[in-house]
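Visitor: Pasting a predicted model and its sequence here:
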Amino acid sequence: MTVRTEELILNVGPQHPSTHGVLRLILHLDGEVITKAIPVIGYLHRGTEKLAENLNYTQIIPYTDRMDYVSAMTNNYVLCHTVETAMGIEVPERAEYIRVICMELQRIASHLVWWGTYLLDLGALSPFLYAFKDREDILNFFNELTGARMTYNYMRVGGVKWDVPDTWIERVKDFVQYMKKRVDEYEALVSGNEIFLNRVKGIGIIDAKTALDYGLSGPALRSAGVKWDLRRNEPYSIYDRFDFDIPVGKTGDCLDRYTVRIEEIRQSLRILEQALAQFPSDGEIMGKVPRVIRPPEGEVYVRIESPRGEIGCHLVSKGKQEPYRLKFRRPSFWNLQILSELLVGESMSNLIAILGGTDIILGEVDA
Amino acid sequence: MTRFMEDSLGWLNFGVFAASAVALLFIVLFVVCYLIYFERKFIGWMQYRVGPNRVGPFGLLQSIADVAKLLLKEDVIPKRADRDLFVLAPVLTFIPAFTVLAVIPYTEELYFTNLNVGVLYYIAVSGISIIGIVIAGWASNNSYSLLGAMRSGAQMISYEIPLVMSILGTVLISGSMNIRTIVIEQEGWFWNWNIFPQIIGFLVFMVAAVAELARTPFDLPEAENELVAGYHVEYTGFRFAFFMLSEYVYMIAMSGLATAIFLGGWHAPAPFLDFIPGIVWFLLKWAFCVFFLFWLRATMPRVRIDQLMTFGWRYLIPLSLVNIFLTAIIMQIVR
Amino acid sequence: MSEETKKPTEAGDQDTLKPAEPAAAETPKQAAEPETKREEPASAEPSKPAEAAAPKPAGGEKPAAAPKAADPDRAARDAARAERLAARAAAKAAGGAGGAAAGADGAAAAEAPPKEPSPNQPKLDRLVAILKEQIGEDAVVEAYINEMDRHTPTVVADKNRWHDIALLLRDHPELKLHYLRNLSGVDYETHLETVYHLVNLQEKLTYCFKVRTDREQAEIPSVADVWSGANWNEREAYDLLGIRFTGHPNLVRIMLPDDWVGHPLRKDYVPVDPEV
């Protein structure tokens, strides 16, 4: 008697138990093993690029906040820096320092969100709350600085909008010292845990060649062993003044991505220390920008290192106040592509570990 | 209780037994209610938050509110579900949970049965709950529910074996399967407690117990089961509450069993502390076991299903066999 | 609308402009050869007048022939700014309109200081040479340095040879452009274009490639088999702009629902259902 077996098509629907956003995965399962995985995206597509064609550059900045909403400062920066590069605008020292401090704080906040939710997916309930408690401190800093906790609309072409409040710098310095101890505590809690290691070690291996082929960037690329960080290799802003290491993984599995991101938090804290120590005591926060921002005709592609990878802005300008074409190169979009290849042959349980390790934000995938 | 048991059965005896059973039922229900509350509070404190504190003073009425909510929910039975089995499953899961409470001796005088095969009774009856779970998965007419039930069933059956075998060491030492006898044999100072000679057995028991109860880190049936829903997904209202209730009552029972078999039951750690009543010691040790389970839940991530199975079959069972072997050899040498 | 090299100007300040090619729509393809030839003499010629022109602008301008690949950003900006000041001074002095007619660079050199060659010009030349040698004379439609974008060498490639060119870019030992970092689609009203930004991570070479196609029958060879990362990006370009990528393994809509009509990012897009 032959037993009839069927392939099960499981729809991991747009509504998710985990907090990754509205992502749909169509899985073809043979028992417990995935034979085909098709990500379906576009549930959060809001037409940012089309809208941008009717808005002037300062008006586009709030839209950038909402793309990668967990890491809004870097999004703000990429747009502002693109226009500044196109127009050749100098940004004053103080503004540059404020920008770097904001971006590094944002990097820490984004990695904390990732850490908490990743462990929540794996079943540990508590790290999520610890991470969010520390993120609260960072969001409170941003709240004082910009008036908002998540979508800041803070950077402007040529500088930043508001100056730092009183004692803000000192308090951020205290936070940096506190956070350094916390990262060690987090590592002590999780990184040696046998159960955790069994879930992530050797899972979802990406080798360097595949990573380059798929255009991965950020921690995913660095975990595969490619030492490529735009803050070091194509320096922008004042990153060339700071001394920091680039953590690189060895095997490209989920554990390496985890370790790289934890190490990046530490390096961000290092950059923050230096930036806070070098912070100029006075200065302008806005450069010499013409009243009406009109980049000259031409096109630029400017890229920076966001917590997820290389975020780029390709601007085609016709000399008007609005961009002719504004395209964002979103790291989560590129990083998500590899999922269909990575998931083949994995079991359902490993799907969670791999998907969490990719660290995608759907707002950015769909733009 | 001894007095009532040794007399011949009359109306007075029967009345006392029935009344005390009902009393136990209510006490256990009350304890389950507040166990849930304490779990939420305790895990909240471990996570930098306060847990429920709105409903009633200090949130004490939270569980009452939850129970009331579950009672008032609409009772939905899927159209193509097997109606009789659907209704039977929670009952089948829940009744054994209460029944096993009978063999646990709470103090020297307060016990409900004096079964010669108490250990066997406990394990056998708690195994019936597994049938209830599998029936729940089948009767829901939901393929994911069936998958989840199969997984839970596999997990629980696999971990029953090391659970029993770890207890066998204490049975060998005490010379009896009667739980009350096992406790009596542990009197004296705390080093007489079975945990010390049977440390391997205790560790195996703890791990197997957590897996039997489907608590973190083995809580695949309870959590979203990683995208595939658990066996109780189609259940609503009080039928769902039955499953939750049975889990917590098992927690009480398992902690009670651990206390009785390994931690010396109602005995004080030192004979001069005997003036403190035995029930207090029993409850202290029981509370320690229960809070240990809560602590694990707040801290550990979840294992994967295949890692779970590997661990149970390839590590725990051989380890418990080794334990029995060693116990037998040492007893032969000592005696 | 042309992609002629222009110095970055202040808003509204358009002194030294090279005027656009007339009717630029068809000309890019036809003017391919003359334009690339024009680039060469333009770069060769000012090398001599550059030395002569060097002492003219006040305030120590950086010498042109110092290709600082490491810091082209700052150098370009400084150079450009000083050039602009010098050009303004020269224009005032000359009293005549700067910006000569197309092709008459020799004459322009006398009135305004000539544009110094970009530090990446040799890279562009080498790239064009490789392409022409390995693929063919018609492979390169246009090649120039995008000064605004930190002097990125930009090549407009011939659509029909694009797939071969892509393979060459990835595999040629001097180029080894394994990393595709961006793929955008742009709608110029007369044609559609895809822009590819490629990187060689070891030697930090960045190049920009463009492929043009017309609007009605927008077809471009797919490079999803050359760089796997291009797969979804081509789907996005198809979805939003309507460019069909021939040879793509699965060219379906990605952002919009499958039953959407039209391609929203096109300039002439009118939604079928205006209430959406």
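Guide: Yep, it's here.

Visitor: What number of neighbouring residues does the residue lying closest to B:D274 once chain neighbours are set aside come out with?
Guide: Closest residue to B:D274 apart from its sequence neighbours, by Cβ to Cβ, 6 or more residues apart in numbering or on different chains: B:A268 at 5.4 Å. In short, each C-beta sits where N, CA and C put it, glycine included. Number of residues near B:A268 (other Cβ atoms under 10 Å in any protein chain shown) recorded here: 20.

Visitor: isn't B:A268 right next to B:P277, touching?
Guide: No - if you go by Cβ atoms under 8 Å, B:A268 and B:P277 don't touch, sitting 9.5 Å apart.

Visitor: The stretch 101-250 of chain B: helices as residue ranges?
Guide: B:118-139, B:143-174, B:179-184, B:199-212, B:237-262 (DSSP state H, counting those that start in this stretch).

Visitor: So which elements touch the shortest one?
Guide: For helix B:179-184, the elements it packs on are helix B:118-139, helix B:143-174, helix B:237-262, judged by 3 or more Cβ pairs under 8 Å, 6 or more residues apart in numbering or on different chains; DSSP states H and E.

Visitor: Remind me what the longest one packs against, helices and strands.
Guide: Contact partners of helix B:143-174 among helices and strands, from 3+ Cβ pairs under 8 Å, 6+ apart: helix B:118-139, helix B:179-184, helix B:199-212, helix B:237-262, helix B:305-310, helix B:317-334.

Visitor: which stretch in those helices has the least confidence?
Guide: Among those, helix B:305-310 has the lowest mean pLDDT, at a mean of 86.

Visitor: in that one, what's buried?
Guide: In terms of neighbour count (16 or more other Cβ atoms under 10 Å in any protein chain shown), helix B:305-310 has its buried residues at B:I305, B:Q307, B:L308, B:M309.

Visitor: number of nearby residues for the residue of the stretch 1-150 of chain B found nearest chain A?
Guide: Chain A sits closest to B:Q47 of the stretch 1-150 of chain B, with a gap of 4.0 Å, by Cβ to the nearest Cβ. B:Q47 has 18 neighbouring residues, counting by other Cβ under 10 Å.

Visitor: Give me the number of neighbouring residues for the nearest residue to it once chain neighbours are set aside.
Guide: In space, and not counting its chain neighbours, B:Q47 is closest to A:L129: 4.0 Å by Cβ to Cβ, 6+ apart. Residues lying near A:L129 (other Cβ under 10 Å) number 17.

Visitor: what's the helix or strand for A:L129?
Guide: Counting by DSSP states H and E, the element that carries A:L129 is helix A:126-146.

Visitor: pretty sure B:M177 is touching B:V117, no?
Guide: Yes - if you go by Cβ under 8 Å, B:M177 and B:V117 touch, sitting 5.0 Å apart.

Visitor: Between these two, which has more neighbouring residues?
Guide: Using other Cβ under 10 Å, the more surrounded residue of B:M177 and B:V117 is B:M177, with 19 against 14.

Visitor: quick one: contacts for that one?
Guide: By Cβ atoms under 8 Å, 6 or more residues apart in numbering or on different chains, the residues touching B:M177 are B:N116, B:V117, B:G118, B:V119, B:L120, B:V171.

Visitor: who are the neighbours in contact with residue 4?
Guide: Let's take chain A. Residues near A:R4 by Cβ under 8 Å, 6+ apart: none.

Visitor: wait, I meant chain B there
Guide: B:F4 neighbours (Cβ under 8 Å, 6+ apart): B:N13, B:V16, B:F17.

Visitor: Of the residues you listed, keep whichever come out buried.
Guide: Applying 16+ other Cβ under 10 Å to these flags B:V16, B:F17 as buried.

Visitor: Filter the contacts of B:F4 down to the ones in helices?
Guide: Among the contacts of B:F4, the ones falling in helices (DSSP state H) are B:N13, B:V16, B:F17.

Visitor: Go through the residues you listed and name the one nearest chain C.
Guide: B:F17 (67.9 Å).

Visitor: Does the closest residue to the closest one other than its chain neighbours fall in a helix, a strand, or a coil region?
Guide: Excluding its sequence neighbours, the residue lying closest to B:F17 (Cβ to Cβ, 6+ apart) is B:F4, at 7.0 Å. Per DSSP: H, G, I helix; E, B strand; the rest coil, the secondary structure class of B:F4 is helix.

Visitor: how near is the closest residue to C:I243 other than its chain neighbours to C:Y188?
Guide: If you skip the residues right next to it in sequence, C:I243 has C:A218 as its closest partner in space, 4.4 Å away by Cβ to Cβ, 6+ apart. Using Cβ to Cβ, to the nearest Å, one gets 12 Å for the distance from C:A218 to C:Y188.

Visitor: which of these two has more neighbours?
Guide: Shown here are C:A218 and C:Y188; by other Cβ under 10 Å, C:A218 has more neighbours (23 against 18).

Visitor: picking up where we left off before, right, and the helices and strands packed on helix B:143-174 - which one's nearest C:N120?
Guide: Minimum separation from C:N120 across those (Cβ to Cβ) falls at helix B:305-310, 54.1 Å.

Visitor: Check whether the closest one comes near chain A.
Guide: Yes - using Cβ under 8 Å from any Cβ of the partner chain, helix B:305-310 reaches chain A at B:I305, B:D306, B:Q307.

Visitor: Would you confirm that the first one contacts B:P221?
Guide: No - assessed by Cβ under 8 Å, B:I305 is found out of contact with B:P221, at 10.2 Å.
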